[in-house]
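Chemist: test case, fold it:
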Amino acid sequence: MRIAFLSVSAEMGGSEVSLLELVHGLRRRARDWSLHVIVPREGPLADRVRAAGGTVHVLALPDQLARFGETSIQGRALMPRGAAMLLAAASLGPYSRLLARRLAEIDPDIVHTNGFKMHVLAARRATGAPALVWHLHEYISERPLSRALLRRYVSRCAAIVANSHSVATDAASVLGIDARISTVYNAVNSSEFSPDGDTLDLDALAGLPAAPAGTVRVGLIATFGRWKGHETFLEAIRRLDRAAPLRAYIVGGPLYDTAGSQYTRGEMESLIASYGLERQVGLTGFVERPAAAMRALDIVVHASTKPEPFGLVIAEGMACGRAVIVSAAGGADELVTDGVDALTHPPADVAVLARCIEQLTADGALRGRLAAAARQSALRKFDPDTFTRAFIQVYEDAHARTRVMATHGH
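Modeler: Residues are numbered from 1 along each chain as shown. Alright, predicted model coming up:
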């Protein structure tokens, strides 16, 4: 089997981590398969795919198309919004033709797409073979343009995989219940994301003096997406007793090309300063190895203000055996059981989040109990071999279905 993966990003966000884990898994379980990953530029994803044994193809995504996104045009006046759409549309045709030529060179049996732009671009070139598989990591219903385009092209898709039941339900509501949608939870490498291993010096990364012994460290690990709950987290920290043995960290940075959808580092620094938390909250920047950052924390916070399609940081924090606090909506709510392997709070509820942090800071026994249960849940729910086997089945079924349809002239 020959697989071509199409990634809209060259960085290591959640969907790219999932793609990389799939490359690793297929290398273990389907060693004779040929794995090709098309990326918009050189970067961390390309480097890691090569290290995993995949073949990388760099196909530059035009700036207008890379930066265009529905989040980036929301709230703009009609003229600038229309101009952004026209610029993106103008670059669509030339890039689409280049993509078609590259896929013809690879001659894949399966095209696996990550990201709405790639779902649409691949579907526009689909002619029945290879089999097209959309891997959904986001909700469709909240994006009017993507919703319309995916509904238009869904008939060209042989299979759709959602990363949570929440995303699958949302997709079915838009694309129709007849769409071939299955749910496969993202995988977590439990050897890398383990309670044991090296740790990062978060204070040094953030430019803070070393915290006193006995300090409880709590961190929000996320990209700088504006809905990831940074303001909720900072407001919760501000409400806590300043004398509590606690230090907080924001771990991450702006990853994506889409304009307007994320904070810049300067904006994040200003946000921390606006809360008066320069000495209580460290800003580490992006870290290459999030597992080492998680092991340096006692509490991992997820604070997204909108329903999270999956929440990879939750799964990774659980696998690292850390006490996790989760914004309980969407796919994230499927991953944990409140009071058993995590504590939960309603999205954007500062008061409840603050109480959760306060409770875990004061109660080391509770932290330990939740952490141990979280590790066991992660081993059961996010197993890489289960993840890989599920995709192998999706690919084989989609390939067989596409060949039957081609034989019958559909």
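Chemist: and the pLDDT at the residue lying closest to Asp203 once chain neighbours are set aside?
Modeler: Once flanking residues are discounted, Asp203 sits nearest to Ala210: 5.3 Å by C-beta to C-beta, 6 or more residues apart in numbering. C-beta here means a position set from N, CA and C on the backbone, and glycine is covered the same way. Note on Ala210: pLDDT of 96.
Chemist: so Ala210 versus Gly252, what's the distance?
Modeler: Distance, Ala210 to Gly252, by C-beta to C-beta, to the nearest Å: 22 Å.
Chemist: what residues does stretch 236-243 touch?
Modeler: Stretch 236-243 is touched from outside by 218, 246, 248, 275-277, 280-281, 303, 350-351, 353-354, 357-358, 361, with contacts defined as C-beta atoms under 8 Å, 6 or more residues apart in numbering.
Chemist: rewinding a little: count of neighbours near the residue nearest to Asp203?
Modeler: Using other C-beta atoms under 10 Å, Ala210 has 9 neighbouring residues.
Chemist: assumed it was part of a helix.
Modeler: No: read with DSSP: H, G, I helix; E, B strand; the rest coil, Ala210 is coil and lies in no helix.
Chemist: so where is this protein shaky, pLDDT-wise?
Modeler: 64-66, 68-91, 126-128, 256-260, 405-410 (pLDDT under 70).
Chemist: tally of neighbours for Thr176?
Modeler: No, residue 176 isn't Thr; it's Gly. Count around Gly176 with other C-beta under 10 Å applied: 12.
Chemist: that one contacts Cys157, doesn't it?
Modeler: No: contact criterion C-beta atoms under 8 Å: Gly176 and Cys157 do not qualify, at 11.7 Å.
Chemist: which stretch of helix or strand covers the residue found closest to Pro209 once you drop the neighbours it is linked to in the chain?
Modeler: Leaving aside its sequence neighbours, Pro209 sits nearest to Asp203 (C-beta to C-beta, 6+ apart; 6.8 Å). Taking DSSP states H and E as the definition, one finds Asp203 inside helix 202-206.
Chemist: which strands and helices sit next to that helix?
Modeler: For helix 202-206, the elements it packs on are strand 246-251, strand 281-285, judged by 3 or more C-beta pairs under 8 Å, 6 or more residues apart in numbering; DSSP states H and E.
Chemist: buried deepest among those strands, which one?
Modeler: strand 246-251 (a mean of 24; mean count of other C-beta atoms under 10 Å).
Chemist: how close does Leu234 get to Arg102?
Modeler: 44 Å.
Chemist: strands along the chain, start to end?
Modeler: 2-7, 34-39, 55-58, 110-114, 131-136, 159-162, 181-183, 216-221, 246-251, 281-285, 299-301, 323-327, 343-345 (DSSP state E).
Chemist: redo the helices and strands packed on helix 202-206 as JSON lines? Include distance to Pro62.
Modeler: JSON lines is the format used below for the helices and strands packed on helix 202-206 (distance: least, C-beta to C-beta, whole Å):
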{"stretch": "strand 246-251", "distance to Pro62": "32"}
{"stretch": "strand 281-285", "distance to Pro62": "28"}
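Chemist: out of these, flag the one nearest Ser327.
Modeler: strand 246-251 (15.4 Å; C-beta to C-beta).
Chemist: who's in contact with that closest one?
Modeler: 202-203, 206, 208, 211, 215-222, 230, 233, 237, 240, 268, 272, 277, 280-284, 287, 290, 293, 297, 357, 361.
Chemist: direction included, what does that strand pair against?
Modeler: strand 216-221 (parallel), strand 281-285 (parallel) (DSSP bridges).
Chemist: out of the ones you listed, flag the one nearest Thr402.
Modeler: Closest among the strands paired with strand 246-251, using C-beta to C-beta: strand 216-221, at 39.3 Å.
Chemist: what's the angle between the closest one and strand 323-327?
Modeler: Per axes from the mean of the first three to the mean of the last three C-alpha atoms, to 10 degrees, the angle that strand 216-221 makes with strand 323-327 is 40 degrees.
Chemist: for strand 216-221, list every residue counted as buried.
Modeler: Val216, Arg217, Val218, Gly219, Leu220, Ile221 (16 or more other C-beta atoms under 10 Å).
Chemist: got those as TSV, with distance to Thr386 columns?
Modeler: Shown next, in TSV, are those (distance: C-beta to C-beta, whole Å):
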residue	distance to Thr386
Val216	34
Arg217	32
Val218	31
Gly219	28
Leu220	29
Ile221	24
